[in-house]
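Engineer: quick one: sequence and predicted model below, then my questions.
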Number of protein chains: 2
Amino acid sequence: MPYQPTNVVSEDELESIHDASMQILEEIGMDFLEPEARDLLIKAGATVEPGSERVRFDREMITEIIKTAPSEFTLHSRNPEHNLRIGGTWTAFGSVASAPNVLDLDRGRRIGNHLDYQNLLKLSQMLNSVHFLAGYPVEPIDLHASIRHLDATYDALTLTDKPFHAYSLGRQRNIDCLEMVRIGRGVDDATLEREPSIFTVINSSSPLRLDTPMLQGILEYSARNQVIVLTPFTLAGAMAPVTLAGALAQQNAEALAGIALTQLVRPGSPVVYGGFTSNVDMQSGAPAFGTPEYMRTAMVGGQLARRYKVPYRSSNVCAANALDAQAAYESVFSLWGAIMGGVNLLMHGAGWMEGGLHASYEKMILDADLLHMVSAFLEPPVVDESTLALDAIRDVGPGGHFFGTQHTQDRFRTAFYKPMISDWRNYESWEEGGSPQAPAKANSIWKEMLAAYEPPPIDSAIDAELRDFVARRHAEGGVPTDF
Amino acid sequence: MPYQPTNVVSEDELESIHDASMQILEEIGMDFLEPEARDLLIKAGATVEPGSERVRFDREMITEIIKTAPSEFTLHSRNPEHNLRIGGTWTAFGSVASAPNVLDLDRGRRIGNHLDYQNLLKLSQMLNSVHFLAGYPVEPIDLHASIRHLDATYDALTLTDKPFHAYSLGRQRNIDCLEMVRIGRGVDDATLEREPSIFTVINSSSPLRLDTPMLQGILEYSARNQVIVLTPFTLAGAMAPVTLAGALAQQNAEALAGIALTQLVRPGSPVVYGGFTSNVDMQSGAPAFGTPEYMRTAMVGGQLARRYKVPYRSSNVCAANALDAQAAYESVFSLWGAIMGGVNLLMHGAGWMEGGLHASYEKMILDADLLHMVSAFLEPPVVDESTLALDAIRDVGPGGHFFGTQHTQDRFRTAFYKPMISDWRNYESWEEGGSPQAPAKANSIWKEMLAAYEPPPIDSAIDAELRDFVARRHAEGGVPTDF
C-alpha cells in the first residue's frame, strides 16, 4: 500500500470511539465462555463476577497487554515463495471462505461438496492474485464432520502450496491441523512455533461474547505462535447498534478483548485486528455488503488497527445473488473501503457471493481480475526521464500520433494491465461475437484453468507422511462430532 | 469531500511532471489554430514562429497568468436551489453527455434522437444525484444541425432546471446559447456576466493542439465570465505517450495552456482543470476506461489541479457494451479514481456506456444509485454520545439483539442508504421473484420515473420569451452548418 489510507474520522473522533470501547470493557464487560480463558484474564487483573462468565477489564490493563502484539509478521507456507508478510504496508488477498453452497453457470447452485471444494482450491492455486486460502472456499459437506478437517487440510496442502487457514472447531481438530501443517512444511515443532504457518479466524458472537471453540482456538493457536484473526461480526442494527460509531465502538471492544487474550497466552504471538462491521436491510434484517456504511466502517476499522499498531483484516464482499452489476459494484465498493482503509489481510477476496451463502466459480475468476486491477492501481506510476517521454512528445509533435513510435513500441506489451474479463471490442464486433457478458467469459476461463491445472510439486516422503497421518486419524475415528 | 484525496505520486514526482509540462510548452510548444488567440498570447509574452500556429510559452509567464483563475466559484441555474459550488472540497455530479447512440433494454441500441434526448433530460431532472447536465445526454441527430442547439437548449431550460453545458461549435451558437440562458434565468447581461450560468468543455486535440471552434469557445465564454472546462483527451499509447507520467505531462501542458488563455481573455474568469487520461487496448487501439491506469491518472490529475489551485474535472466512464459486471466494475473504479482524486466536477456521472458511444437509460438509473452511494460514503459517520450508543449496548448486553431496541427504532428509517437497484432478498425469494438482475430493476425504475415526470415550474413570460427567441432564430435559418 504505497498511498496514505483514507481517514474517515478525525483523531478526536477516533479517540472517542476508543474511549467508548474502553468504557464497554470496563463497565459492561464481555462474556468469555471458556473457564481457562477467564482464569488467564483474572490473573492479568480482569475482574469476573462470581458465578458468571462476565469479564471486565481495566483500560490501562488492556492497553498494556496488547502492546506486545507484533505490527508485522511472516505467514509461512510450504512453498517459501508464497510466504506472506502480514502488516505494515503489505496487502495480501485471500480466496472466498466458508460458503455452504457453490454455484457455477452450468450446474447452478448446490450444496457444498468435496469435488467443488477441490476445484476451487485448484483455481485458487492457479490465480496469481489469490495469495492465500482464506478457509474452505466451500464447505465439503459430503466429508463426514469427524474427518472433514483431515481430508480438507490434506487437499489444501497438496492441491495448493499457498498459506492457509484452519477452523477452530475444538481442541483435537486444532492439534491435527497444526501437525499436518508441520508435516507439510517438513519442519520440526520448534520451527513451526518460530514461524507462524497457519491462521484462524476467531469471530466473537456479537454482542460481547466469545464462545468456547473460539477461545480454545486462541488458547491453542496463540500458544503455538500461530496467527489469530480476531473478527467481531458486528452488523449494525442487529448484533450491534444501528449507528456506525456505536457498532465500531462495540467492534473495537470485542476485538481488543480477544487480542488481549492472545497476548496473555503468548506475548508477541501474531494477531490481526478484524473488521467486519456492515449494516442490515432494516426491512428484512438481511445483511448488506459493499454499502456506503460498509466502506466507512472498513476505513475506520483500519484507523483503529493502526492506532493499536496491529495488522488489519477486511473483506471483498457482496450480497448479490447473481453475478450482475450489483455483484460487481458491491465488490468494488468493498475493495475501495478495504484498500483505502489500509487492509493487510483481505478475506473473501475471490469468489464470495450472496452474503457468503454461496461461492461462485465465475465470481472467483472475476474477483481475481478485480484484485489484479487493484494490484496494478497500487503501483504508483514511475516518474523519470524515460517515462516523462519528452523526446517522444517532441518527435510526435502537435497533431501527431504515438501508436507507432519507438517509445510506444518498446513498452506497449507491458505498459497496461490486461484484464481477463473486460471485453473492449467495438459494439459491432462484440454483437457479432454473440454479445457475451462478463459471466460467460469467466465461465470459459475457469474451465480452461481447471483443464490446465497441475498440482504444485511436493516431496514424496512428505506426501506419504501426510497420507499416513490422515489414514491413522481416520482409523482412530477422527474427532467427536457431538460438540 | 470531507476526506484527504489520495496522492499517487510524491511532491517531488509531481514537480517533475510539472517541469516536464513546462519544458513541453517552452521547447515544443502548442498549436493554436485561431489567430485571435495567438494574438492574445503574443501580447502576453508568448512567442509564435512566423507563418506558423506554433506557440511557445515561458514557464514564469504561464505560472503568473494562471494565478488569477479562481479556486472556487458558483455555477448558477435558473432554479437557484440547483446552483452549484464548483471547486474547493465541493463535488458535483453530472449526467452522461455527447453519446451518438442510445440504448434501452426494450428497444435496443439506436442512433440518438430528439425523443430519447428529452427522455434522458427528464430522468436527469428527476434523479437527485444528478446535479447538472453535462451536455446532450444523447445527440438529437434528427434535429437539423442548423437549429439543434436552439431546440436542445430550449429543452434543457424547460424540461430541467439544473445547471447545464453548451457546446462550443462556433461563434453564433455560443451567442445563441448565452442569450437563451440569460432569458431562462430572467436576468440582464450584467448579471449573467457576474454570475457564471453556463459551462463548456474545451477539448484539446491531443497532442498539443487547440482547434478553432474550441478556441472561439474560450474567447467568447471566458469574455462573458462563463465556465471553461479545459480537458485534454490524452489516451496513453495513442494521442499521448504510452507511459502514464508522459501522458500526464502532456495533459498538464495542454490544460495549462488553455487555462492561461482563459485568464488572458478575462482575468478571474472561472475555469476547471480537466483530466481525461486513460489508456488504449494496445491490441485494437480501442480506448479503455475504469482501468488501473485510469484510476491513477485521475488521482494525479487531481494533485495537479490542486497544485494550481483550480477546480478539477474527472468522469464516471466504462468501455462495456452491456450493463453487466464489467460496466459496474469499470464505473466504480472510475469513481474511486475520481472521488479519491478530489474531483469537483464529475462529467458523465450517470448513463455513460461503451466508451461514450451510447447513453443507456438503465445505466443512468444504476449510476444515479452509485452516485448516491458515493454521496453517502462522503458523509463521515457522526461520532457523539448518542451514536456511540453506550446505553443501548449496556441495555442489550452480551448475547442480546439490537433490532427491537429504542435506539434502533428511533433511527432505523434513515440510518442507512437504501439503494434503488440492489436486491437483498434471500436466494429463495429472489428465485421465486424470477431471478431478476440489475438491468431489469433499472428498466422498471426509469419507466416509473418517466411516467411520474412533471416539468419544473417556469414563469410563463420567460417561457414565452424563450419560445419567441427560438422561433425567430429558426426563421433566420439558425446557424451555417458548413463549418
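Structural biologist: Received it, and whenever you're ready, just let me know what you need. Residues are numbered from 1 along each chain as shown, chains lettered A, B, ... in the order given.
Engineer: average pLDDT for the helix or strand hosting A:A37, rounded please.
Structural biologist: Using DSSP states H and E, A:A37 sits within helix A:35-43. Confidence over helix A:35-43 (mean pLDDT, whole number) is 97.
Engineer: show me what that helix is packed against.
Structural biologist: In terms of contacts (3 or more Cβ pairs under 8 Å, 6 or more residues apart in numbering or on different chains; DSSP states H and E), helix A:35-43 is packed against strand A:47-48, helix A:244-265. In this view, the C-beta of every residue, glycine as well, is placed from N, C-alpha and C.
Engineer: of the ones you listed, which stretch is the most buried?
Structural biologist: Most buried of these, by mean neighbour count (mean count of other Cβ atoms under 10 Å in any protein chain shown): helix A:244-265, with a mean of 28.
Engineer: contacts for whichever helix or strand comes after that one next, please.
Structural biologist: Next helix or strand after helix A:244-265 toward the C-terminus (DSSP H and E): strand A:271-274. Identification of contacts with strand A:271-274 by Cβ atoms under 8 Å, 6 or more residues apart in numbering or on different chains yields A:69, A:86-87, A:199, A:201, A:222, A:227-232, A:255, A:259, A:262-263, A:301, A:304-305, A:308, A:310-314, A:344-345, A:347.
Engineer: which ones are touching A:E53?
Structural biologist: A:E53 neighbours (Cβ under 8 Å, 6+ apart): A:D31, A:F32, A:L33, A:R38.
Engineer: excluding sequence neighbours, find me the nearest residue to it.
Structural biologist: A:D31 (4.5 Å; Cβ to Cβ, 6 or more residues apart in numbering or on different chains).
Engineer: neighbouring strands of whichever strand or helix holds that neighbour in the sheet, and parallel or not?
Structural biologist: Here A:D31 sits within strand A:30-32, counting by DSSP H and E. Take DSSP bridges as the rule and strand A:30-32 pairs in its sheet with strand A:54-56 (antiparallel), strand A:209-210 (parallel).
Engineer: give me the buried positions along the longest one.
Structural biologist: What it means is strand A:54-56. Buried residues in strand A:54-56, counted by 16 or more other Cβ atoms under 10 Å in any protein chain shown: A:R54, A:V55, A:R56.
Engineer: list buried residues within the contacts of strand A:271-274.
Structural biologist: A:69, A:86-87, A:199, A:201, A:222, A:227-232, A:255, A:259, A:262-263, A:301, A:304-305, A:308, A:310-314, A:344-345, A:347.
Engineer: the most centrally placed residue in chain A: what secondary structure?
Structural biologist: Nearest to the geometric centre of chain A sits A:M347, at 1.7 Å (Cα atoms, centre = their mean). Classification of A:M347 using DSSP: H, G, I helix; E, B strand; the rest coil returns strand.
Engineer: any idea how far A:Q226 is from it?
Structural biologist: 17 Å (Cβ to Cβ, to the nearest Å).
Engineer: thinking again about what came up before, please narrow the contacts of strand A:271-274 to those residing in helices.
Structural biologist: A:A255, A:I259, A:T262, A:Q263, A:G301, A:L304, A:A305 (DSSP state H).
Engineer: wait, the third one sits on A:I218?
Structural biologist: By that I understand A:T262. Yes. Counting by Cβ atoms under 8 Å, A:T262 does reach A:I218; the two are 5.6 Å apart.
Engineer: which of the strands paired with strand A:30-32 sits closest to A:Y329?
Structural biologist: strand A:209-210 (33.8 Å; Cβ to Cβ).
Engineer: and the stretch 51-200 of chain A, which residues reach chain B?
Structural biologist: A:R54, A:R109 (Cβ under 8 Å from any Cβ of the partner chain).
Engineer: mind listing the helices for the stretch 51-200 of chain A?
Structural biologist: All helices of the stretch 51-200 of chain A, identified by DSSP state H, counting those that start in this stretch, fall at A:59-65, A:114-126, A:148-159, A:171-185, A:189-194.
Engineer: so for the last one, what's the average pLDDT?
Structural biologist: Confidence over helix A:189-194, taken as the mean pLDDT, stands at 98.
Engineer: list the contacts of A:N252.
Structural biologist: A:I17, A:H18, A:S21, A:L304.
Engineer: kindly recompute the last result at 10 Å.
Structural biologist: A:14, A:17-18, A:20-22, A:24-25, A:232, A:234, A:273, A:275, A:277, A:300-301, A:304-305, A:307-308 (Cβ atoms under 10 Å, 6 or more residues apart in numbering or on different chains).
Engineer: again with A:P140
Structural biologist: A:102, A:111-118, A:148, A:151-152, A:155.
Engineer: one more: A:G246?
Structural biologist: By Cβ under 10 Å, 6+ apart, the neighbours of A:G246 are A:17, A:20, A:24, A:234, A:236, A:240, B:381, B:383, B:386-393, B:402, B:407.
Engineer: what's the burial count for the closest residue to it other than its chain neighbours?
Structural biologist: Among residues not flanking A:G246 along the chain, B:A389 sits closest, at 2.9 Å (Cβ to Cβ, 6+ apart). Neighbour count of B:A389, defined by other Cβ atoms under 10 Å in any protein chain shown: 29.
Engineer: need the pLDDT of the residue in the stretch 301-450 of chain A positioned nearest to chain B.
Structural biologist: Relative to chain B, the nearest point of the stretch 301-450 of chain A is A:A389 (2.9 Å; Cβ to the nearest Cβ). Model confidence at A:A389, given as pLDDT, is 97.
Engineer: my read: it touches A:A415, true?
Structural biologist: No. If you go by Cβ atoms under 10 Å, A:A389 and A:A415 don't touch, sitting 11.5 Å apart.
Engineer: between the two, what contacts are shared?
Structural biologist: Joint contacts of A:A389 and A:A415 (Cβ under 10 Å, 6+ apart) are A:T408, B:A236, B:P241, B:V242, B:T243, B:L244.
Engineer: give the contact list for the residue nearest to the centre of chain A.
Structural biologist: A:92-98, A:132, A:134-135, A:165, A:201, A:229, A:231, A:272, A:274, A:276, A:313-317, A:338.
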